[in-house]
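Trainee: Quick one: sequence and predicted model below, then my questions.
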Amino acid sequence: MTDASVSLPLAPPAGQHARVLGLGAYRPERVVTNAEICQHIDSSDEWIRQRSGIAERRFAGPDESLIDMSVTASLTAIDRAGIDVGQVDAVLVATITHPYQTPAAAPMLADRLGIPSPAAFDISAACAGYCYGIGLANDMVRSGSARHVLVVGAEKLSDFTDPADRGSAFIFGDGAGAAVVGPSQTPGIGATTWGSDGKHWDKIAQREPWTELREAMEAPGRPDGIHWPSIGMQGQAVFRWAVYSMAPVARKILADSQVSTEQLAAFVPHQANLRITDAMVKELRLPGHVAVARDITTTGNTSAASIPLAMTRMLEERPELSGGIALQLGFGAGLAYAGQVVVLP
């Protein structure tokens, strides 16, 4: 039997809030046009642009790893946050394309950055992963379990894309985005709204589990048809879910943080499809002054990296948005979603 009057002698820092202190991004040098993609699928530049809004995407080089991309994005974010690498207490990496089942990417990234003994773990929530990370980082800073948290969204989706799949080959790209979340005297990150709809897990998924690949490779005679378990997507079903299910989530995020659409400076949704973004803008009835991220046009869908990549580019191109309020919302495989309002660094 417990005594409800008993409490721990420790408490989180009084009145401590959190905010995003700095952002960083890395886009690989190699630009992959729709014309190059169409060498492997029966499609056209016009069709791809009409269906997705994508004109080109970036692919990492063969020897360029997820960690390599993350290092560059992280160092920029840390520098812009005005802190030293040694001041980072925790590293969270949102990714679904780290090539190792274990260890996680986060401890490896922390080692490359020279961060001494941080908490470090990966988040597997696909396109919602970065917003999951921001929500966790906000809670960690506010509770006092960490002072500065590095949140990275990084993907090398070119390793897990079937170039001959007409439904997905043109969608994905590579890149990394990073944010440093730290203490603030005033609220800089709103309440996180997150959730999932697991009954639709097959709408975006790796086509075969690793165990089936192993069984096929070990079968007598190595049967024909063995292929890498790439990511597949049921495009129309995902489109409907994103448009009609995520607008109410966005409205809840705003309501929970007591922010109106008129108070927004920017809307940064996951860069899944330009038509999805435009439909959500219409559903939310966003005022004309709200800047809307449309980074997908030249970057493609980079899953967990898409929001920090898009937000970093937005601030670099429009620095007057700094200090404004942005609504960010990630959604994708799982089907999982997460979002919050943040004050732009």
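Mentor: Nice, thanks for sending it over.
Trainee: From residue 328, how far out is residue 250?
Mentor: 10 Å (C-beta to C-beta, to the nearest Å). In this view, the C-beta of every residue, glycine as well, is placed from N, C-alpha and C.
Trainee: can you list residues touching both of these two?
Mentor: By C-beta atoms under 8 Å, 6 or more residues apart in numbering, residue 250 and residue 328 have these common neighbours: residue 339.
Trainee: any idea of the pLDDT on residue 35?
Mentor: Looking at residue 35, its pLDDT is 96.
Trainee: you'd agree it is up against residue 46?
Mentor: No. Counting by C-beta atoms under 8 Å, residue 35 sits too far from residue 46 to count as a contact (11.1 Å).
Trainee: if I've got this straight, residue 278 is in a helix?
Mentor: Yes. Applying DSSP: H, G, I helix; E, B strand; the rest coil, one finds residue 278 inside a helix.
Trainee: What's the separation between it and residue 292?
Mentor: From residue 278 across to residue 292, the span is 8 Å (C-beta to C-beta).
Trainee: do the same with residue 328
Mentor: Applying C-beta to C-beta to residue 328 and residue 292 gives a distance of 12 Å.
Trainee: and those two? which has more neighbours close in?
Mentor: Neighbours per residue, other C-beta atoms under 10 Å: of residue 328 and residue 292, the larger number sits with residue 328, 27 against 16.
Trainee: Give me the below-cutoff pLDDT ranges for this structure.
Mentor: For the chain, applying pLDDT under 70 flags the ranges 1-15, 198, 200-207, 210-228, 230-235, 237-238.
Trainee: Just the helices from it, written as ranges.
Mentor: Applying DSSP state H to the chain gives helices spanning 34-37, 45-52, 66-81, 105-113, 129-143, 210-218, 235-256, 274-284, 296-299, 306-317.
Trainee: quick one, which of those helices is nearest to residue 178?
Mentor: Minimum separation from residue 178 across these (C-beta to C-beta) falls at helix 66-81, 4.0 Å.
Trainee: So residue 268 is in contact with residue 328, correct?
Mentor: Yes. If you go by C-beta under 8 Å, residue 268 and residue 328 touch, sitting 4.6 Å apart.
Trainee: Give me the common contacts of these two.
Mentor: What both residue 268 and residue 328 touch, as defined by C-beta under 8 Å, 6+ apart, is the set 307, 311.
Trainee: circling back: I'd like the helices of the chain as JSON lines, with distance to residue 89 and mean neighbour count appended.
Mentor: Formatted as JSON lines, these follow (distance: least, C-beta to C-beta, whole Å; neighbours: other C-beta atoms under 10 Å):
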{"stretch": "helix 34-37", "distance to residue 89": "41", "mean neighbour count": "17"}
{"stretch": "helix 45-52", "distance to residue 89": "39", "mean neighbour count": "16"}
{"stretch": "helix 66-81", "distance to residue 89": "12", "mean neighbour count": "22"}
{"stretch": "helix 105-113", "distance to residue 89": "10", "mean neighbour count": "21"}
{"stretch": "helix 129-143", "distance to residue 89": "8", "mean neighbour count": "25"}
{"stretch": "helix 210-218", "distance to residue 89": "33", "mean neighbour count": "11"}
{"stretch": "helix 235-256", "distance to residue 89": "27", "mean neighbour count": "17"}
{"stretch": "helix 274-284", "distance to residue 89": "34", "mean neighbour count": "18"}
{"stretch": "helix 296-299", "distance to residue 89": "30", "mean neighbour count": "20"}
{"stretch": "helix 306-317", "distance to residue 89": "19", "mean neighbour count": "24"}
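Trainee: Nearest to residue 190, out of those?
Mentor: Proximity to residue 190 (C-beta to C-beta) singles out helix 235-256 among those, at 6.8 Å.
Trainee: tell me the angle of the closest one relative to helix 274-284?
Mentor: Angle of helix 235-256 versus helix 274-284, following axes from the mean of the first three to the mean of the last three C-alpha atoms, to 10 degrees, is 40 degrees.
Trainee: what angle separates helix 235-256 from helix 129-143?
Mentor: Interaxial angle, helix 235-256 versus helix 129-143 (the same axes, to 10 degrees): 20 degrees.
Trainee: elements contacting helix 235-256?
Mentor: strand 193-196, helix 274-284, strand 325-332, strand 336-343 (3 or more C-beta pairs under 8 Å, 6 or more residues apart in numbering; DSSP states H and E).
Trainee: How far away from the center of its chain is stretch 140-153?
Mentor: 17 Å (C-alpha atoms, centre = their mean, to the nearest Å).
Trainee: That stretch: which residues count as buried?
Mentor: 140-142, 146-153 (16 or more other C-beta atoms under 10 Å).
Trainee: Need the nearest residue in space to residue 285, chain neighbours excluded.
Mentor: Excluding the flanking residues, the one nearest residue 285 by C-beta to C-beta, 6 or more residues apart in numbering is residue 261, at 6.8 Å.
Trainee: For the one you found, give me its contacts.
Mentor: Applying C-beta under 8 Å, 6+ apart, we find residue 261 in contact with 254, 284-287, 290.
Trainee: Same check on residue 291?
Mentor: Going by C-beta under 8 Å, 6+ apart, residue 291 touches 265-267, 314, 318, 321.
Trainee: ok, now residue 37?
Mentor: Contacts of residue 37 by C-beta under 8 Å, 6+ apart are 43, 48, 163, 169-170.
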